[in-house]
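Colleague: Structure of the sequence below:
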Amino acid sequence: MRIIFYLCFLVFPVVVFSQQKRERIATSDSQNVSGDATKKEIQKLATIDLYKVVTIENDTTYIDTSLTIQKEYSHNYLRKDIFGLLPFANDGQTYNTLQYSLTDFSPYPEFGFKAKHFNFLEANQIRYYSVATPVTELYFKTTVRKGQSVDAFVTLNTSENLNLSIAYKGLRSEGEYLNQLSSTGNFRFTTNYNTKNKRYFAKAHYTFQDILNEENGGITTIENFESEDPNYNNRQRFEVYFNDAKSFLKGKRIFLDHNFRINPKKGDNNLYVAHQFNYENKFFEYNQATVPSTVGSEIVFRFGESYLDSGINDQTRYNKMYNKLGLTYENTTLGRFHFFVDDFRTNYYYNQILIFDDRTIPSSFSQDINSAGGQYEYRHNKWNGTFLYSRSVTAQSLSNLDAKVQYDLNDEIQLAFQYQNVNKLPNNNYNLHQSSFVQYNWSNDFKNEKINTIKANAISPWVDAELQFSVLNDHLYFTDASTTEQKNVKTQIVAPAQYNGTINYLSLKISRELKFGNFALDNTILYQKTEQQDAILNVPEIVTRNTIYYSNYLFKKALFLQTGISLNYFSSYYANEYNPVIGEFFVQNEKQIGNHPNLDFFINAKIQRTRIYFKAEHFNSSLMGNNFYASPNNPSRDFTIRFGLIWNFFN
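Modeller: Next comes the predicted model:
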């Protein structure tokens, strides 16, 4: 009934308003004709190229209100296509990574707790705008059991030179299993400014983000789930490891990127000075009120011995300040030459020093890194290339070599190549972690990771293909450090580790859409292979998504309909497991997941600038056995009916 009510409430006004043929931006001018003061209203249409979306690298797209199969894939909590990511059962939880080539590499150390960051917007993910008229976008989607997911966005230009935008994405979802509530919020404010003479440009944003998850540690009796016992059709009946644990990540950021042209008028040769500032703080907390867990008639200490009998409250704090100063020479024939120096300062800290018999765990880990580098950009006719090299000039050793070239054969065929060589410092939580759990305290001095990657992309009318080959040395990961005795009593001990061998990773992704009349078949297939002496980097060999759908205009083209079925599948593999104490996934080699097709049925519609989404997710869950998992101890989503919409307003 709730779905029907939402549908009626939201569709009715849309259908009523759709009677208007098109929206115009109207202005009135006064004009004298034969001495008479008559007014003639001139109707002006704002074209799509006046509604720009700009990245920090100045790549520009336009606000898109179309309904395509790609919009179906991106109508989710992350607001993007999640092919290669495996969501947990509840919205707002973490994701297991099926496609390793989705990982980005930066030479700088990060905060860590990466499993908590899928919905945490980093500085390079913020978008800036320039619009002819005010624009509003409202996103809504039902969640799992009680709750809702919303994203509201407003942007306007106060003048041709100044844009402001404000947005908030919020989620509250109860989930099917015990102690699985998600509650998140992402606030963003951006401004995009340039002077009238186009001599000074500035982009700035402020974000405040918080991600709260109740953590149940997974179900305790996998055999009850796989037995398909109807007594457990109500997922609340499953025992879980924790009924009162939760994790919390929050962060604030102030960001500014601006540049100034030194020569007064832009010519064939130009000189710019640029500066980028990024100040950010993050906070991660793991809270567990009751230490022992009950598994059947047994008492289990899931994370081993602890210093506290109750009220675990581990807190990690992090501050970062980044400044980058650069000088750019631009020649209309030769391209752009950019030289820069930067200052990277972090402080990762706790409130105490821990002293053991054989070691001492410090209270903080601070870094002060200075680097210098250069970047060359070339854009001419069909060629587009970027070459970047940077290296530290302080004691810490890091470097980044990144070369990209793109060739546009024509409007439909595009070829791109990239080579990256990264000497990366370890993330902070590999080197230092403190916890009330005895075996979750460490202080390390790991070597840098060395990563070499070659990528090739091809876009054509016949097929889109992505090829990647990576060589990983001194790879850092989290491992299951539990002894046999600890595993027998269901104790889970996780620790950081560094692999001394070499890992070779190969992936090939091919996408192709076949159309026949109003029907279409959209296919994406990923093949992955690793070569390693030990099973450290585990990925499914095959990941595929196949969607057959029908689309057509109805009611004299007042409504555009899209309906179909999607198949998602990945082959069996030793998936990483999630650990809430450290907010990370760790390598395990005891249980495989996968080899379970997931079928979704959807009906989408577009009326003017409103897109309506209805989906029956995983409708085959009760037909093919309970062998669907997001990680070895966490089942993935059951059959769920979802409704949502995206509503755009242009003033």
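
Colleague: Residue 612: neighbour count?
Modeller: 22 (other Cβ atoms under 10 Å). Every C-beta, even on glycine, is put in place using the N, C-alpha and C of the backbone.

Colleague: Please tell me I have it right and it contacts residue 605.
Modeller: Yes. Using Cβ atoms under 8 Å, residue 612 is in contact with residue 605, at 4.7 Å.

Colleague: Return the set of buried residues in stretch 557-575.
Modeller: 559-562, 564, 566, 568-570, 573-575 (16 or more other Cβ atoms under 10 Å).

Colleague: What mean pLDDT does that stretch get?
Modeller: Mean pLDDT, stretch 557-575: 97.

Colleague: for stretch 461-476, same thing?
Modeller: 96.

Colleague: and the two most separated of the buried residues of stretch 557-575?
Modeller: Across the buried residues of stretch 557-575, the longest distance by Cβ to Cβ is 46.9 Å; it joins 559 and 574.

Colleague: tell me the contacts of residue 63?
Modeller: Residue 63 makes contacts with 48, 51-53, 131, 135, 648, as judged by Cβ atoms under 8 Å, 6 or more residues apart in numbering.

Colleague: Looking at the residues you listed, spot the one nearest residue 227.
Modeller: For the contacts of residue 63, the nearest to residue 227 is residue 648 (47.7 Å; Cβ to Cβ).

Colleague: Which neighbouring elements make contact with the helix or strand encompassing that closest one?
Modeller: Using DSSP states H and E, the element containing residue 648 is strand 640-650. Packing contacts for strand 640-650, counted by 3 or more Cβ pairs under 8 Å, 6 or more residues apart in numbering; DSSP states H and E, involve helix 2-17, strand 135-142, strand 610-617.

Colleague: Lowest average confidence across the ones you listed, which one?
Modeller: When I compare those, helix 2-17 is least confident, with a mean of 39.

Colleague: Sketch out the strands for the stretch 301-450 of the chain, chain order is fine.
Modeller: Here the stretch 301-450 of the chain has its strands, by DSSP state E, counting those that start in this stretch, at 310-331, 335-349, 354-355, 360-361, 364-380, 383-392, 399-408, 414-424, 432-433, 442-443, 449-459.

Colleague: could I get these as TSV with distance to residue 537?
Modeller: Shown next, in TSV, are the strands of the stretch 301-450 of the chain (distance: least, Cβ to Cβ, whole Å):
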stretch	distance to residue 537
strand 310-331	26
strand 335-349	26
strand 354-355	32
strand 360-361	29
strand 364-380	26
strand 383-392	26
strand 399-408	21
strand 414-424	15
strand 432-433	22
strand 442-443	22
strand 449-459	12
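
Colleague: Can you say which of those strands is packed in most?
Modeller: Of all these, strand 432-433 has the most neighbours on average by mean count of other Cβ atoms under 10 Å, namely a mean of 22.

Colleague: Within its sheet, name the partner strands of it and how each one runs.
Modeller: When pairs are called by DSSP bridges, strand 432-433 turns out to pair with strand 442-443 (antiparallel).

Colleague: got a list of contacts for the partner strand?
Modeller: Residues contacting strand 442-443 (Cβ under 8 Å, 6+ apart): 359-362, 431-433, 495-496.

Colleague: Closest one of those residues to residue 119?
Modeller: Residue 119 lies nearest to residue 433 out of the contacts of strand 442-443, by Cβ to Cβ, at 22.6 Å.

Colleague: Roughly how far does the closest residue to the closest one other than its chain neighbours sit from residue 103?
Modeller: Sequence neighbours aside, residue 442 is the residue nearest to residue 433 in space, at 5.5 Å (criterion: Cβ to Cβ, 6 or more residues apart in numbering). Distance of residue 442 to residue 103, computed by Cβ to Cβ, to the nearest Å: 23 Å.

Colleague: swap in residue 649?
Modeller: Distance, residue 649 to residue 103, by Cβ to Cβ: 37 Å.

Colleague: picking up where we left off before, what subset of the contacts of residue 63 is buried?
Modeller: Buried among the contacts of residue 63 by 16+ other Cβ under 10 Å: 51-53, 131, 135, 648.

Colleague: tell me the two of the contacts of residue 63 that are most distant?
Modeller: By the measure Cβ to Cβ, 52 and 648 form the most distant pair in the contacts of residue 63, at 15.1 Å.

Colleague: For the strand holding residue 648, list every residue counted as buried.
Modeller: Neighbour count says strand 640-650 has 640, 642-648, 650 buried, by 16+ other Cβ under 10 Å.

Colleague: do the same with stretch 299-311
Modeller: 300-304, 306.

Colleague: Show me what it is in contact with.
Modeller: In contact with stretch 299-311 (Cβ under 8 Å, 6+ apart) are residues 217, 220, 241-242, 289-294, 312, 436-440, 486, 489-493, 581.

Colleague: Might you calculate how far it sits from the centre of the chain?
Modeller: Centroid displacement of stretch 299-311 relative to its chain, using Cα atoms, centre = their mean, to the nearest Å, is 33 Å.

Colleague: Dump the C-alpha coordinates for it into CSV.
Modeller: What follows is stretch 299-311, C-alpha atoms only, in CSV (Å, rounded to 0.1, in the frame of the first residue of the first chain):
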residue,chain,number,x,y,z
ILE,A,299,29.5,-17.5,24.8
VAL,A,300,31.8,-16.1,22.1
PHE,A,301,34.3,-13.3,22.3
ARG,A,302,34.2,-12.5,18.6
PHE,A,303,37.3,-10.2,18.5
GLY,A,304,39.3,-11.9,21.3
GLU,A,305,40.3,-10.6,24.6
SER,A,306,39.5,-7.0,25.6
TYR,A,307,40.7,-4.6,28.2
LEU,A,308,37.0,-3.7,29.0
ASP,A,309,34.2,-5.9,30.1
SER,A,310,31.7,-3.7,28.4
GLY,A,311,31.3,-0.3,26.6
